[in-house]
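Visitor: Provided below for reference: sequence and predicted model.
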Amino acid sequence: MHARFTDEPTNSLGYLTRITFRAFSRSLERMTLPLGVSAGQWPFLRQLWMEEGLTQRELSHRAKMREPTTVAALRGLERAGLIRRIPSTEDRRKVHVWLTPKALDIREQLLDAVARVNAIALRGIPDEDVAVLRRSLLRMIDSLSKEEMEAEAAVEARRRAATRDRRASSERSPNRRSTPSRGT
């Protein structure tokens with residue numbers, strides 16, 4: 001049986017992954033800030049190195065970040081001269097994101113920093129345990145993603161049902177237009 005997370009915070013995998021993430025982020029940022037990149041901006045550069053020209057929405061989705069977070073990170077990357085945002089020629093609502101030569105120049109240094117942070121974090125952990133951890137984390141991500149999609153679908157279904165009910169109700173109720181009164 002799994003220990004209750006309320007008994008001790010370290011029994012909660014959510015707590016442990018959050019604390020681990022924060023430690024990773026702080027360690028990574030110590031190495032990337034001298035290159036002008038914050039830990040919050042790193043996921044977007046990583047995605048753009050895999051494929052440039054993504055829209056901001058596609059980039060949000062691939063980096064698994066909310067759009068306001070993406071906009072803020074991209075604003076910083078643009079100020080640092082690492083990306084260019086170019087409006088779509090096909091749809092003026094869309095903005096495509098492109099790397100600058102400066103972003104391409106620091107790619108290897110940033111990837112080395114990430115490798116160093118991972119090596120520090122995994123010190124003393126046998127390779128077999130790392131493989132189990134990786135598989136377990138991927139399963140957890142998959143399970144939580146599925147649950148999130150199901151919850152979002154349920155909310156959307158409730159929203160559609162409420163809209164349908166309001167329409168049906170308004171169609172059943174008599175027209176309540178007021179008629180002008182005649183003066184007496």
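Guide: Arrived safely. For clarity, every value in this text was computed on a predicted model and none was experimentally measured.
Visitor: which SS state does the residue nearest the centre of the chain fall under?
Guide: With distances taken as C-alpha atoms, centre = their mean, Met65 lies nearest the centre of the chain, 1.3 Å away. Following DSSP: H, G, I helix; E, B strand; the rest coil, Met65 is assigned to coil.
Visitor: and the longest helix anywhere in the chain, what does it pack onto?
Guide: Using DSSP state H to define each element, the chain has its longest helix at helix 127-172. Of the remaining helices and strands, none touches helix 127-172 by 3 or more C-beta pairs under 8 Å, 6 or more residues apart in numbering; DSSP states H and E. Any C-beta I mention is one placed from the backbone N, CA and C, and that applies to glycine too.
Visitor: residues contacting the residue nearest to the centre of the chain?
Guide: Taking C-beta atoms under 8 Å, 6 or more residues apart in numbering, we find Met65 in contact with 43-44, 73.
Visitor: what does Leu133 give?
Guide: Leu133 touches Ile125, counting by C-beta under 8 Å, 6+ apart.
Visitor: what is the mean pLDDT for the host helix or strand of Ile19?
Guide: Counting by DSSP states H and E, the element that carries Ile19 is helix 13-32. For helix 13-32, mean pLDDT rounds to 94.
Visitor: so where's the chain uncertain?
Guide: In the prediction, the chain carries residues with pLDDT under 70 at positions 1-6, 173-184.
Visitor: how does it look with 80?
Guide: By pLDDT under 80, the low-scoring segments of the chain are 1-7, 171-184.
Visitor: residues contacting Ala23?
Guide: The contact partners of Ala23, taken as C-beta under 8 Å, 6+ apart, are Ala121.
Visitor: hmm, 10 Å instead?
Guide: 117, 120-121 (C-beta atoms under 10 Å, 6 or more residues apart in numbering).
Visitor: hang on, the earlier thing: out of the contacts of Met65, which is most surrounded?
Guide: Greatest neighbour count in the contacts of Met65, by other C-beta atoms under 10 Å, goes to Phe44: 26 neighbours.
Visitor: that one against Thr69, yeah?
Guide: Yes. Using C-beta atoms under 10 Å, Phe44 is in contact with Thr69, at 9.5 Å.
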